[in-house]
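Trainee: sequence-free structure coming up:
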């Protein structure tokens, strides 16, 4: 994939000379470069919509507790501060220790054009280590230790990288790493939803009401389909060793489609992975371009998604 | 410029009996201030008591200071010397240990 130096532009050379940027492979224009060693950079908890009186009781049950992101030093009981890939701090999104609970951090942008949009990140995922208080070693998914694969790996559910986009038509491009199914069996594959995400307006109009632990992206497990084949990521044998993974995901807002997903050394062609649009029109969302990351636990053990840094670039 | 972040640890959540907020990482922060907004109380003589706790790892917890009673609708206090993790542990009970509940917003305001 690397381009010979003689064919690279001056801009590409300058980016390559910057250690913070050279780990990324951006499109022409960088919209966002977030290193969480210097703050949260606009990544914030997602919250559902509410009424004109600010009454938060009117927020949908499944969209009211996505948890605030944390600036984490990746601090663990056995080794102390692990630190991030660059510097000390990463952005951590954490679930509650409740099966089905989801943590979500969102980044809200708008579009100044149409075309390719690329999300790049260095990230990792973990379960919470076992303790007497959390009883993780006795929760669903726990198993025998064989001095290599750690039973806690079966207690990590899924992490998701996704968008919320509106150009008149509203749609979500979504890529989820499904580590385990709802019965805590290893799946280790990438999946996408075949239906659009339920919205508060559908609840308001009486079309559906979801419980607090519903999968807010697509509640029915049958509405998720695999693409690209299984991929084993680096969990590294225990829940307290952090290894950063490179993720590069390209979508095209001129065609409302997925393009490709790269995860470490594997590139998935996503051009045939469908993106279901909403049939209804939504107002107040002109040129919406949101990115979110989420983490979902399939057992009563906290699950964590850590981001070292994020870069979002475009070709417009 | 100093860094700051306000985490809403509980949002319109009804607490009854014993509770603990989710572990929150604060190693980057030099200052921490709690705000507890009580939106509603039910039960006779509902009383909310909390203790600020610290942890070396987010798993094992001990008290940072003394238990406090939260009687006002908006109560605040500062925590210092907290290391890497903070949470609140507490209970909402009625008179003579009777049943009671409190609907709360719990904020943790942090600054580097």
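Mentor: Looks like it came in fine. As the structure is a computational prediction, the values presented were derived from the model and not from experiment.
Trainee: Centre-most residue in chain B?
Mentor: Chain B has residue B:88 as the residue nearest its centroid, 3.8 Å off, counting by Cα atoms, centre = their mean.
Trainee: Could you report the neighbour count for residue 39?
Mentor: Let's take chain A. Residue A:39 has 19 neighbouring residues, counting by other Cβ atoms under 10 Å in any protein chain shown. All C-beta atoms are positioned from the backbone trio N, CA, C, and that covers glycine.
Trainee: let's do chain B instead
Mentor: When neighbours are counted by other Cβ under 10 Å, residue B:39 registers 15.
Trainee: Hmm, residue B:103 and it touching each other?
Mentor: Yes. Applying Cβ atoms under 8 Å as the test, residue B:39 and residue B:103 come out as touching, 4.5 Å apart.
Trainee: Between these two, which contacts overlap?
Mentor: Common neighbours of residue B:39 and residue B:103, counting by Cβ atoms under 8 Å, 6 or more residues apart in numbering or on different chains, are residue B:12.
Trainee: rewinding a little: may I have the strands that pair with the strand or helix carrying the residue nearest to the centre of chain B, each with its orientation?
Mentor: Here residue B:88, judged by DSSP states H and E, is contained in strand B:85-93. Strand B:85-93 sits in its sheet next to strand B:17-20 (antiparallel), strand B:24-25 (antiparallel), strand B:47-55 (antiparallel), going by DSSP bridges.
Trainee: Mind giving me the packing neighbours of the lowest-mean-pLDDT helix or strand in chain A?
Mentor: Among the helical and strand segments of chain A, the one scoring lowest on mean pLDDT, DSSP states H and E is helix A:200-204, with a mean of 88. The helices and strands touching helix A:200-204, judged by 3 or more Cβ pairs under 8 Å, 6 or more residues apart in numbering or on different chains; DSSP states H and E, number zero.
Trainee: who does the very next helix or strand once past it pair up with?
Mentor: The helix or strand immediately downstream of helix A:200-204 is strand A:224-230, counting by DSSP H and E. In the sheet, strand A:224-230 lines up against strand A:186-193 (antiparallel) (DSSP bridges).
Trainee: Show me which positions of the strand it pairs with end up buried.
Mentor: A:186, A:189-193 (16 or more other Cβ atoms under 10 Å in any protein chain shown).
Trainee: rewinding a little: out of the strands paired with strand B:85-93, deepest packed?
Mentor: strand B:24-25 (a mean of 24; mean count of other Cβ atoms under 10 Å in any protein chain shown).
Trainee: ok, then the element right after that one?
Mentor: The helix or strand immediately downstream of strand B:24-25 is strand B:31-42, counting by DSSP H and E.
Trainee: Report all helices and strands that that following strand contacts.
Mentor: Strand B:31-42 packs on strand B:47-55, strand B:74-79, strand B:85-93, strand B:101-111, going by 3+ Cβ pairs under 8 Å, 6+ apart.
Trainee: Which stretch among the ones you listed is buried most, on average?
Mentor: strand B:85-93 (a mean of 22).
Trainee: how big is the angle separating it from strand B:31-42?
Mentor: Interaxial angle of strand B:85-93 relative to strand B:31-42 (axes from the mean of the first three to the mean of the last three Cα atoms, to 10 degrees): 20 degrees.
Trainee: Taking strand B:101-111 as reference, get the angle to strand B:85-93.
Mentor: Using the same axes, to 10 degrees: strand B:85-93 against strand B:101-111 is 160 degrees.
Trainee: Tell me how far strand B:85-93 lies from the chain's centre.
Mentor: What separates the centre of strand B:85-93 from the centre of its chain is 5 Å, taken as Cα atoms, centre = their mean, to the nearest Å.
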